[in-house]
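> give me the fold of what follows.
(chains A, B, C and D)
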Protein chains: 2
Amino acid sequence: MEVQLQIKMNEKLFLRDPEQTELGKKIIQHSVELIHKNGFESFTFKKLAEEIESTEAGIYRYFENKHRLLIYITAWYWGWVQYCVVFKTNNIKDPAVKLKKVIQLLATTVVDDDKTLHINEDLLHQIIISEGSKAYLTKHVTEDNKEQLFKPYKDLCGVIADIILECSPKYKYPRSLASTIIEMAHFQIFFMNNLPSLTDFGKTKDELKVVSFLEDLVFNSIRKK
Amino acid sequence: MEVQLQIKMNEKLFLRDPEQTELGKKIIQHSVELIHKNGFESFTFKKLAEEIESTEAGIYRYFENKHRLLIYITAWYWGWVQYCVVFKTNNIKDPAVKLKKVIQLLATTVVDDDKTLHINEDLLHQIIISEGSKAYLTKHVTEDNKEQLFKPYKDLCGVIADIILECSPKYKYPRSLASTIIEMAHFQIFFMNNLPSLTDFGKTKDELKVVSFLEDLVFNSIRKK
DNA sequence: TTTAAATGATAGTAATACTATATCATAGAA
DNA sequence: TTCTATGATATAGTATTACTATCATTTAAA
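Below you'll find the predicted structure:
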């Protein structure tokens, strides 16, 4: 049996749903590749259009602008991560084991998931590490947030916060710790690879050390005292 | 006696030293104000030139482009923070007290420092919170890093890591914990104000709660077990 | 088969991110 | 006093970016 995964996206993220058409899927697929290759700053709809042999105007029918496309991509990613978290922690009783699974999922290389054909999750993971925070670090966060554009991120944070509370019902900062885990899983990887002296993993560049650091950080914070 | 603070900057950060001329100082001062007001994305040298009643070409003589200017501003900020850290922790014996001072310095509102006349440190602090990471989240981090453009950030991280080691000589992740403190001091403040459900401080919007969270996180990690 | 939706082709505009060059004021050295 | 280097002003021009608009054509659902 073949299963296909579809992540339901907020309709405000796009002008026309890219999942519904061939062109739409090509836009997402090649956006991920282009942003991965050249970075978000030098990414333009013109270049994307050339890549997929369509036109700039064609892409503007799907997304208002490239920033909205970035929000779409990150929202998709967080939705997908939440699916993975729920899937991988299913049937696990011990919340501490769940939390470890989550940390590992966030901080280690992603294996491309065949359930979504047009999206390369490994590239996407790398994009989110270096471009993800640009989705919300803007002057218009508040309005974007009102449109619920960051809901998948906030939902994931909520799921992780709940696991933290399962581990330690009296812990006072479950949400802040959850967002810290998410952000630091990515930032420490970025630093390790690009500004290694900001970490203790520069020599080996081993993602598993980031996992160890985060586990140490998290479990020392939430354990009973 | 009046003391004037000058932060020595890496010469590769600029084409002409803005500290040395009136126009240069105006560029820095009004950049901070404009970026604070409209965000880095919509900031252009043209608008800046209009603001200071000079010309675009004039500004290009000081900075290669607006991204270099952002790196300059952030580098200046980290240099200044390091000066504050050293100053405020001077003569304190207890490293735990030092570390608390550092956390407070990073996470709470900055009082404008009269020692630097043309720079408003409070605005600058707010800019760094929302724009600071854009300085290094680029495709050219590695080259920029080779030119030592991020040295002030890395030095500050080193200073904090040393304090952590004073507290707990056997702690395994002093640098990663230091960069986590720095980043989270800023991100949690940003989240608290803009995406409050990612934190536990949304209702009160009280910076001191961010301080408490970070202290809890840090001291549980480094205390002897 | 009709017809609406999706796409493609083309054109145009305002703003952005620069580069180049020529002039001018002034302050210190010869 | 003159020369020269430095900093500032003024103007002009280019390639690219970030869009918007229009119209023709293909495709796919009713």
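
> any regions of chain A where pLDDT drops low?
Residues of chain A meeting the criterion pLDDT under 70: A:1-4, A:112-117, A:224-225.

> write out the residues of it neighbouring DNA strand C.
A:16, A:20-24, A:53-58, A:61 (C-beta under 7 Å from any atom of the strand). In short, each C-beta sits where N, CA and C put it, glycine included.

> ok, and the most crowded of those?
A:Gly24 (19 neighbours; other C-beta atoms under 10 Å in any protein chain shown).

> let me see the contact set for the nearest residue to that residue once chain neighbours are set aside.
Using C-beta to C-beta, 6 or more residues apart in numbering or on different chains and skipping residues adjacent in sequence, the residue nearest A:Gly24 is A:Pro18, 3.0 Å away. By C-beta atoms under 8 Å, 6 or more residues apart in numbering or on different chains, A:Pro18 lies in contact with A:24-25, A:27-28, A:62-63, A:72.

> biggest separation within those, which pair?
Spanning the widest gap among the contacts of A:Pro18 are A:Lys25 and A:Phe63, at 13.4 Å by C-beta to C-beta.

> tell me where chain A has helices.
A:22-38, A:45-51, A:56-60, A:66-89, A:95-107, A:121-131, A:141-146, A:151-167, A:174-194, A:207-222 (DSSP state H).

> so of those, which one's packed in deepest?
helix A:174-194 (a mean of 24; mean count of other C-beta atoms under 10 Å in any protein chain shown).

> packing partners of it?
Judged by 3 or more C-beta pairs under 8 Å, 6 or more residues apart in numbering or on different chains; DSSP states H and E, helix A:174-194 is in contact with helix A:95-107, helix A:121-131, helix A:151-167, helix A:207-222, helix B:141-146, helix B:174-194, helix B:207-222.

> and it, C-alpha only, in CSV?
In CSV, the C-alpha atoms belonging to helix A:174-194 read as follows (Å, rounded to 0.1, in the frame of the first residue of the first chain):
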residue,chain,number,x,y,z
PRO,A,174,7.5,24.6,29.2
ARG,A,175,6.9,26.8,26.2
SER,A,176,10.1,28.8,26.4
LEU,A,177,12.0,25.6,26.9
ALA,A,178,10.3,24.1,23.8
SER,A,179,11.1,27.1,21.6
THR,A,180,14.6,27.1,23.0
ILE,A,181,15.0,23.4,22.0
ILE,A,182,13.7,24.1,18.5
GLU,A,183,15.8,27.2,17.9
MET,A,184,18.9,25.9,19.4
ALA,A,185,18.7,22.5,17.6
HIS,A,186,19.0,24.6,14.5
PHE,A,187,21.3,27.4,15.6
GLN,A,188,23.9,25.1,17.2
ILE,A,189,24.0,23.1,13.9
PHE,A,190,24.4,26.3,12.0
PHE,A,191,27.1,27.6,14.3
MET,A,192,28.9,24.2,14.3
ASN,A,193,29.2,24.3,10.5
ASN,A,194,29.8,28.0,10.0
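
> tell me who's in contact with A:Leu23.
Here A:Leu23 is in contact with A:52, A:54, A:58, A:62 (criterion: C-beta under 8 Å, 6+ apart).

> out of these, who's nearest DNA strand C?
Closest approach to DNA strand C among the contacts of A:Leu23 (C-beta to the nearest atom of the strand): A:Ser54, at 3.6 Å.
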